[in-house]
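In: Got a predicted structure here, sequence first:
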Amino acid sequence: QVQYVESGGGLVPTGGSLRLSCTASTSIFSSNAMGWFRQAPGQKRELVAGLSINNTTYYADSVKGRFAISRDTSKNTLNLQMNSLESEDTAMYYCQGGFRNIAVMLRGPFGSWGQGTQVTVSS
């Protein structure tokens, strides 16, 4: 079973930036679609950014133009650059790979989640 370790979260002021990283225990990011998800308290987990194996990207409307997803297959890592952060971006962020495509990433099913990394944007 693939294990994911997310890092890079923290407390930032509105308008600030963070770069999240996710390391997988296998080379799952090399051959499947992958994405970053987030879950705020009391809300459902949502796909924030997705990357297909042919480098097609998906971004939730709320983050378009502010977030950028990328991967480093040599290190089995998936990154999320987050700029112009807003208080609405406050959430626990998770990564996951192994999807056939972005459509599957939007609806599931999903594998096991890592512990996530907390992003808190102060207003």
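Out: Arrived safely, thanks for sending.
In: what's the burial count for residue 72?
Out: 12 (other CB atoms under 10 Å). Backbone N, C-alpha and C define where each C-beta goes, glycine included.
In: again with the one 10 residues further on
Out: For residue 82, the neighbour count with other CB under 10 Å is 25.
In: where's it relative to residue 53, distance?
Out: Separation of residue 82 from residue 53 (CB to CB, to the nearest Å): 23 Å.
In: Can you name the residues bridging to the residue most central in space within the chain?
Out: Closest to where the C-alpha atoms of the chain average out (CA atoms, centre = their mean) is residue 36, at 1.7 Å. In this entry, residue 36 is beta-bridged to residue 49, residue 95, by DSSP bridges.
In: Who are the contact partners of the closest residue in space to residue 18 that isn't next to it in sequence?
Out: Leaving aside its sequence neighbours, residue 18 sits nearest to residue 82 (CB to CB, 6 or more residues apart in numbering; 4.9 Å). By CB atoms under 8 Å, 6 or more residues apart in numbering, the contact set of residue 82 is 17-20, 63, 66-67, 89, 119.
In: ok, what's across the strand from residue 82?
Out: Counting by DSSP bridges, residue 82 is bridged to residue 18, residue 67.
In: Can you list the neighbours in contact with the strand or helix carrying residue 20?
Out: Per DSSP states H and E, residue 20 falls inside strand 18-24. By CB under 8 Å, 6+ apart, the surrounding residues in contact with strand 18-24 are 2-10, 12, 36, 75-82, 85, 93, 95, 97, 114, 117, 119.
In: Tell me the buried residues within those residues.
Out: In the contacts of strand 18-24, burial by neighbour count holds for 2, 4, 6, 8-9, 12, 36, 76-80, 82, 85, 93, 95, 97, 114, 117, 119, counting by 16 or more other CB atoms under 10 Å.
In: Among these, which lie within helices?
Out: Counting by DSSP state H, these place none of their members in helices.
In: Just the ones in strands from those residues, please.
Out: If you go by DSSP state E, the buried ones among the contacts of strand 18-24 have 4, 6, 12, 36, 77-80, 82, 93, 95, 97, 117, 119 in strands.
In: if we can go back for a sec, would you confirm that the residue nearest to the centre of the chain contacts residue 95?
Out: Yes. Judged on CB atoms under 8 Å, residue 36 makes contact with residue 95 at a distance of 5.4 Å.
In: Thank you, goodbye.
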